[in-house]
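Colleague: below are the sequence and a predicted model for it; my questions follow.
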Amino acid sequence: QVQLVESGGGLVQAGGSLRLSCAASGRTYTTYAVAWFRQAPGKEREFVAAIRWSDSNPVYTDSAKGRFTISRDNAKSTVYLQMNNLKPEDTAVYYCNADITTRLHVYGTPGTYWGQGTQVTVSS
């Protein structure tokens, strides 16, 4: 089993920044990649970015490119999402997800493990 705990969400004005953290524990060595997803009210959960534990190789959805940066600290088993130039449409609950296969990183397909989510609210 792998446990994921997100933190760092909050309320920010448009144009501001936030850094989300996802702390992994348990059998993290079984996971291949970690990703961030988000779910806005009334919308489906969507892929934002993913990173491999082994060699990073970050991937992003188009809306995140140029504004968001995913990174990892293997020593701390923690993945970060630095979000800059935030927009009201970025408002959502942000979830951390981990997968034991390559599907998460290659296709953005959610893996087995989810965190509880952290709320990000961007005011205009």
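Modeller: Sure, I can see it.

Colleague: which residues does the spatially most central residue of the chain contact?
Modeller: The geometric centre of the chain, computed from its C-alpha atoms, lies nearest to residue 36 (Cα atoms, centre = their mean), at 2.1 Å. Applying Cβ atoms under 8 Å, 6 or more residues apart in numbering to residue 36 gives the contacts 20, 22, 48-50, 70, 79, 81, 94-97. Just so you know, the C-beta spots here come from the backbone N, C-alpha and C atoms, and that holds for glycine as well.

Colleague: run the last query once more with 6 Å
Modeller: 48-49, 81, 94 (Cβ atoms under 6 Å, 6 or more residues apart in numbering).

Colleague: tell me which two in the residues you listed are the farthest apart.
Modeller: 49 and 94 (10.4 Å; Cβ to Cβ).

Colleague: next SSE after the helix or strand bottoming out on mean pLDDT in the chain?
Modeller: Least confident helix or strand of the chain, by mean pLDDT, DSSP states H and E, is helix 103-107 with a mean of 86. The helix or strand immediately downstream of helix 103-107 is strand 113-114, counting by DSSP states H and E.

Colleague: so how far is that next one from its chain's centroid?
Modeller: 11 Å (Cα atoms, centre = their mean, to the nearest Å).

Colleague: that one - contacts with which helices or strands?
Modeller: Secondary-structure packing of strand 113-114 (3 or more Cβ pairs under 6 Å, 6 or more residues apart in numbering; DSSP states H and E): strand 92-99.

Colleague: could you list the paired strands of the strand it packs on along with their orientation?
Modeller: Next to strand 92-99 in the sheet, as set by DSSP bridges, lie strand 33-39 (antiparallel), strand 113-114 (antiparallel), strand 118-123 (antiparallel).
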